[in-house]
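J.: pasting the sequence and the predicted model now:
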Amino acid sequence: MSTLFEDTKTAFTLKTDAELERAYFLFKMIKSEPLVRIGTAITNFALKAHLPVEQLIRASVFDHFCGGVDEKDCLDTIEKMYEHHVHSVLDYSVEGKEDEDHFELALEKTLKNIGFAKEKPSIPFAVFKPTGFGRFKLYEKITAGTALTDAEQKDWSRVVARFDKVCKAAYEKDVPLLIDAEESWMQDAADDLIESMMEKYNIEKAIIFGTLQMYRWDRLEYLKNLHQRAEAKGYKIGMKLVRGAYMEKERERAKEKGYPSPICDDKQATDQNYDAGIDYMLTGLGLSLYAGTHNELSTMKVMELASKKGLAKDNKTIWFGQLYGMSDHITYNLAKEGYNVSKYMPYGAVRDVMPYLIRRAEENTSVAGQTSRELSLLKKERTRRKKQGRL
């Protein structure tokens, strides 16, 4: 088991020599925190000044971490991955838009992706972010228990309608729908809305999936309480478990506003919390797990627990997921072994996806060992190919 993720030939089977060299260069850059800060500042300046840098971005960081500028742009890569039994989750990754036109566009994109997933076995899930459907401040006010104005209540009604429209479409087309998690100070409003969608559409099986960021120390208790409510009301739970994406922002806000940080004290505590969540998901009844992880030990824990429970590798209540452009050694080797595995495939116009890409770079810089592991595996594959006279 311990050598499963060392097979770099399988891991990088779809990467050309040029793509492998690009990946090695990118992760060497990302490993340097000063370079990430400088690169982020320069990129933001260039885009705001409308300098002609989009082609450069497209040829480097964008093409490594994103599938394309629109759905059709992604399809060739999706089908190539599927030839190696790796599925894709199309993720419209435009962040930070705060107007009704963009909310309607995100709704349209999500409905379109549900349609793609219905038609294509290579796309097993659809996905969206809560703030793709409504303003962050609305979620924040509801989470804080602050009364909405009449205008805000109308806005929130539109958010609820968007949620229900995509959840109903997912239910009718029998396509599981992942709903991402965001910052803690807006998450309760999203969780309550997601729970209401589960109660409505998860009667026979998990169609609507919430997301738990397990770097939050309160998420396991939330999961257990949700499970009790689901059993009492007779609906199923689907959950994506991730470690989390907003750690630095969460800690800074807690310090600034003087409340206890919602984040676990250290990485070890986060790892323990994540694995406890996996354990609960796989030993409970009526629970479907999407394990979003780049951690080898957590991946193996899922595999071992599923095996002990007597579940087949391709049991549809258990999925693994990694981000496109990262942890190919986990994704492709799991797929080779016959497990259900998918890549989150972000897409969108280059300029609009930059906030996502910047967050990816910052996360890789802050997560101890992640970038070093990527580099070591890329270096190993480069060495293997050089021995074959390819590089």
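T.: Okay, I see it.

J.: so how far is V86 from A276?
T.: Distance from A276 to V86, counting by CB to CB, to the nearest Å: 28 Å. For the C-beta atoms, the positions are set from N, CA and C on the backbone; glycine is no exception.

J.: more crowded one of these two?
T.: V86 (23 against 14; other CB atoms under 10 Å).

J.: check contacts around the closest residue to the more buried one other than its chain neighbours.
T.: In space, and not counting its chain neighbours, V86 is closest to A335: 4.7 Å by CB to CB, 6 or more residues apart in numbering. Going by CB atoms under 8 Å, 6 or more residues apart in numbering, A335 touches 84-86, 341.

J.: let me know the helix or strand that A335 is in.
T.: Per DSSP states H and E, A335 falls inside helix 328-337.

J.: ok, then the element right after that helix?
T.: Next helix or strand after helix 328-337 toward the C-terminus (DSSP H and E): strand 341-347.

J.: contact partners of the helix or strand that L56 is a member of?
T.: Per DSSP H and E: L56 is located in helix 54-57. Contacts with helix 54-57, where a contact means CB under 8 Å, 6+ apart, come from 43, 47, 350-351, 354, 357.

J.: that helix: how far from the chain's middle?
T.: Distance, stretch centre to chain centre, for helix 54-57: 24 Å (CA atoms, centre = their mean, to the nearest Å).

J.: any buried residues in it, and which?
T.: For helix 54-57, burial by neighbour count (16 or more other CB atoms under 10 Å) applies to 54, 57.

J.: give the next helix or strand downstream of that helix.
T.: helix 63-65.

J.: who touches that following helix?
T.: 19, 22-23, 26, 323-326, 346, 357, 360.

J.: and what about R253, helix, strand or coil?
T.: helix (DSSP: H, G, I helix; E, B strand; the rest coil).

J.: I'd like to know how far it sits from N295.
T.: Distance from R253 to N295, counting by CB to CB: 25 Å.

J.: again with R373
T.: Per CB to CB, R373 is found 10 Å from N295.

J.: neighbour count winner among those two?
T.: The neighbour comparison of R373 against N295 (other CB under 10 Å) goes to N295, with 21 against 18.

J.: got the buried residues for the helix or strand harbouring K141?
T.: K141 belongs to helix 136-144 when assigned by DSSP H and E. Buried positions in helix 136-144, judged by neighbour count with 16+ other CB under 10 Å: 138-143.

J.: what's the burial count for the closest residue to V69 other than its chain neighbours?
T.: Residue nearest to V69 in three dimensions, not counting chain neighbours: A349, with 5.5 Å by CB to CB, 6+ apart. Using other CB under 10 Å, the number of residues around A349 comes to 11.

J.: do I have it right that A349 meets V94?
T.: Yes: contact criterion CB atoms under 8 Å: A349 and V94 qualify, at 7.4 Å.

J.: which phi and psi does D73 have?
T.: As for D73, its main-chain torsions (degrees, to the nearest 10) stand at phi -60, psi -20.

J.: in this structure it contacts C66, no?
T.: No: shown here, D73 and C66 do not form a contact pair, counting by CB under 8 Å, at 9.2 Å.

J.: out of the two, which sits in the busier spot?
T.: Between D73 and C66, C66 has the larger neighbour count (other CB under 10 Å), namely 26 against 13.

J.: quick check, the more buried one in contact with M354.
T.: No: using CB under 8 Å, C66 makes no contact with M354, being 10.4 Å away.

J.: tell me which residues of the longest helix along the chain come out buried.
T.: Counting by DSSP state H, the longest helix found in the chain is helix 150-173. With burial defined by 16+ other CB under 10 Å, the residues of helix 150-173 counted as buried are 152, 155-156, 158-159, 162-163, 166-167, 169-171, 173.

J.: turn those into JSON lines, columns for distance to Y235 and pLDDT.
T.: Output for the buried residues of helix 150-173, formatted as JSON lines (distance: CB to CB, whole Å; pLDDT from 0 to 100):
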{"residue": "E152", "distance to Y235": "29", "pLDDT": "97"}
{"residue": "D155", "distance to Y235": "28", "pLDDT": "97"}
{"residue": "W156", "distance to Y235": "23", "pLDDT": "98"}
{"residue": "R158", "distance to Y235": "25", "pLDDT": "98"}
{"residue": "V159", "distance to Y235": "21", "pLDDT": "98"}
{"residue": "R162", "distance to Y235": "21", "pLDDT": "98"}
{"residue": "F163", "distance to Y235": "16", "pLDDT": "98"}
{"residue": "V166", "distance to Y235": "18", "pLDDT": "98"}
{"residue": "C167", "distance to Y235": "12", "pLDDT": "98"}
{"residue": "A169", "distance to Y235": "18", "pLDDT": "98"}
{"residue": "A170", "distance to Y235": "15", "pLDDT": "98"}
{"residue": "Y171", "distance to Y235": "12", "pLDDT": "98"}
{"residue": "K173", "distance to Y235": "19", "pLDDT": "98"}
